[in-house]
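J.: Just to be clear, the model below is a prediction. Sequence and coordinates:
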Amino acid sequence: MGRQLSTPTAILLGSAMIAAAVYLGLRHGPAGVPADPRPAEGAPSPSADGASAAGPAARAPGAGAPARPVQAPAPSVARDEVATQAARALEAHRPALIERCYKPAIAAQPAPRGVKYVFNLTFDAQGRQLARGIIEDREASRPEVTACLVDALPPVAVAPPGANVRVDVPFSLP
């Protein structure tokens, strides 16, 4: 009869192997992460042939590869305009949300009277909603109204901002 490992011993050995692999993998840092293609402030700018003024020996590994385009964040003016448009879109749905979500909740339990939210909305470059989150105010919270808002509110759209934009929009009922 052959000798077999007990279950606790096998778990202990497997855990030790996983711990060793994680330790050794994390010791060397992230592998395959390309260097930031943007030059550091105060660093010499690349010349027309792609070599830096300090010469090819001073270049970082992978610096000869074409740089990935870095998307600049949307300007704050565009973000403010998108937030204004999103607030108008939410306001357009207010009467329907009051009828469908708020009034039945108030009829069942009158306190608290008002509910306050902050909608986290993310729009793509064409102005379509990519993601939506709702943050409830603790002092004015009604879970049944929040659940109804999630179901009843259709995706919001804004004028195309030209880049992905995330905004926070305050909203309250009634």
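T.: All right, it came through fine.

J.: Show me what secondary structure element comes after the helix or strand encompassing Ala92.
T.: Secondary structure from DSSP states H and E places Ala92 in helix 76-97. For helix 76-97, the following helix or strand on the C-terminal side (DSSP H and E) is helix 103-108.

J.: For the chain, give me the ranges with low pLDDT.
T.: Applying pLDDT under 70 to the chain flags residues 1-2, 27-77.

J.: Once you drop chain neighbours, what's closest to Tyr102?
T.: Nearest residue to Tyr102, sequence neighbours excluded (C-beta to C-beta, 6 or more residues apart in numbering): Leu173, at 4.6 Å. From N, CA and C alone the C-beta is placed, and that goes for glycine too.

J.: My read is that the one you found contacts Arg100, right?
T.: No - counting by C-beta atoms under 8 Å, Leu173 does not reach Arg100; the two are 10.9 Å apart.

J.: The residue lying closest to Arg79 once chain neighbours are set aside: neighbour count?
T.: Nearest residue to Arg79, sequence neighbours excluded (C-beta to C-beta, 6+ apart): Val165, at 5.6 Å. By other C-beta atoms under 10 Å, the residues close to Val165 number 23.

J.: need the contact list for Val165.
T.: By C-beta atoms under 8 Å, 6 or more residues apart in numbering, the residues touching Val165 are 74, 78-79, 82, 122-123.

J.: May I ask which of the residues you listed has the most neighbours?
T.: Phe123 (27 neighbours).
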